[in-house]
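Chemist: This is a predicted model, with the sequence first.
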Amino acid sequence: MNVKAHYEQHLAHFYGWMLGDFDSLQQQQEAFFRDNDILPKQNKRAIDLGAGHGLQSVSLAKIGFDVTAIDFNQQLLDQLEHKKGLLKIKTVNAEIQDFDKEAEASELIICMGDTIAHLDSLNQLQDLISKCYHNLIADGALVFSYRDYSQPLTGDQRFIPVRADDHRILTCILDYLDEKVTVTDQLYEKAAGKWVLKVSSYEKLRIQPQLVEDYLRAAGFSSIKTDSNNRLYYTIARK
């Protein structure tokens with residue numbers, strides 16, 4: 001199953017539950033932007049690629065950005081619309097690699113939550129980075145977060161408990177290929193007192209931080225910083 005179909009038929013229905021308390025996560029995300037000096041300084045335009053239900057978009061809008069939130073899943077964008085209130089956020093249903101057709105030149109572009117791994121190929125990642133560079137104004141910033149899949153997990157390590165409560169149990173199972181990893185989201189959901197199993201799989205690119213930095217330099221970015229936290233890598237590049 002491709003990524004878009006996986007979200008439409010499976011993951012989008014419990015995506016917000018999977019991540020946890022929105023307000024707490026949003027405050028953490030806002031703190032990340034402030035701590036890394038990701039603040040509006042020029043035209044205030046920001047583009048959120050793979051915006052989902054709005055953790056990053058809401059955070060950017062709260063610190064003063066005018067945000068264009070792009071995602072291929074309308075169900076998640078509808079949740080974002082509900083959460084944004086009076087914040088300056090415009091939602092667009094589109095593929096992230098087509099963002100340049102939907103948004104004006106900006107001082108900030110972000111693509112977070114491992115979204116770049118949803119692309120079909122490393123060539124597509126290179127093209128996206130090039131488009132980001134050309135869409136950013138001088139001194140603009142590009143922010144990625146992603147998981148490093150370069151070292152395969154084996155045996156029991158492939159089974160990752162994500163979240164569980166009295167009504168749902170979600171486990172993520174990873175199977176490594178040469179250039180991609182197959183991700184299976186296994187959800188047990190209680191209905192009418194019985195546990196019902198729902199399973200769906202899709203593929204992610206096996207991305208590693210050094211590769212991302214190499215692509216950023218090749219595109220023309222001059223200042224690149226990568227850190228890791230809670231199994232995610234964060235790369236900030238400035239034009």
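Modeler: Ah, there it is. Numbers count the residues shown, from 1 in each chain.
Chemist: any chance you could map the helices in this protein?
Modeler: Along the chain, counting by DSSP state H, helices occupy 3-9, 15-19, 22-35, 55-62, 74-84, 122-135, 209-219.
Chemist: Not including adjacent chain positions, what is the nearest residue to A237?
Modeler: Among residues not flanking A237 along the chain, F221 sits closest, at 4.0 Å (C-beta to C-beta, 6 or more residues apart in numbering). In this view, the C-beta of every residue, glycine as well, is placed from N, C-alpha and C.
Chemist: wait, Q97
Modeler: Excluding its sequence neighbours, the residue lying closest to Q97 (C-beta to C-beta, 6+ apart) is L128, at 5.4 Å.
Chemist: To D98, which of the helices of the chain lies closest?
Modeler: helix 122-135 (9.1 Å; C-beta to C-beta).
Chemist: Report the buried residues of that closest one.
Modeler: 125-126, 128-129, 131-133, 135 (16 or more other C-beta atoms under 10 Å).
Chemist: of all those, which comes closest to G155?
Modeler: Out of these, the member with the shortest distance to G155 (by C-beta to C-beta) is L125, at 29.3 Å.
Chemist: pLDDT wise, what is that closest one at?
Modeler: L125 carries a pLDDT value of 97.
Chemist: and the residue nearest to it when sequence neighbours are not counted, how many neighbours does it have?
Modeler: Spatial nearest neighbour of L125, chain neighbours left out: L119 (5.2 Å); criterion: C-beta to C-beta, 6+ apart. Applying other C-beta atoms under 10 Å, we find 21 residues neighbouring L119.
Chemist: Go ahead and confirm I129 touches Y215.
Modeler: Yes. I129 is in contact with Y215 according to C-beta atoms under 8 Å; the separation is 5.0 Å.
Chemist: Tell me how the protein divides into domains.
Modeler: As assigned by automatic domain parsing, the chain contains the domains 3-148+207-238, 155-204.
Chemist: out of the ones you listed, deepest packed?
Modeler: Ranked by mean neighbour count, these are led by domain 3-148+207-238 with a mean of 18 (mean count of other C-beta atoms under 10 Å).
Chemist: Off-centre distance for that one?
Modeler: 6 Å (C-alpha atoms, centre = their mean, to the nearest Å).
Chemist: Can you give me the end-to-end span of that domain?
Modeler: Its start and end residues considered, domain 3-148+207-238 measures 29 Å (C-alpha to C-alpha, to the nearest Å).
Chemist: And stretch 89-101, by the same measure?
Modeler: In stretch 89-101, first residue to last residue: 17 Å (C-alpha to C-alpha).
Chemist: what's across from A164 in the sheet?
Modeler: I169 (DSSP bridges).
Chemist: and what of S201?
Modeler: According to DSSP bridges, the partner residues bridging S201 are T184.
Chemist: Might you report the residue contacts of Y15?
Modeler: Residues near Y15 by C-beta atoms under 8 Å, 6 or more residues apart in numbering: 7, 52-53, 76.
Chemist: Pick out whichever of those residues sits closest to V143.
Modeler: Using C-beta to C-beta, G52 comes nearest to V143 of the contacts of Y15, at 15.0 Å.
Chemist: quick one, phi/psi of that closest one?
Modeler: phi 60, psi -140 (degrees, to the nearest 10).
Chemist: who's in contact with stretch 26-37?
Modeler: For stretch 26-37, using C-beta under 8 Å, 6+ apart, the contacting residues are 38-39, 54-56, 58-60, 62-63, 143, 234, 236.
Chemist: which one of the residues you listed is nearest L177?
Modeler: Looking across the contacts of stretch 26-37 and measuring by C-beta to C-beta, the closest to L177 is Y234, at 25.5 Å.
Chemist: Bridged to that closest one, which residues?
Modeler: Going by DSSP bridges, Y234 is paired in beta bridges with S145, D227.
Chemist: And for L205?
Modeler: Beta bridges link L205 to K180, judged by DSSP bridges.
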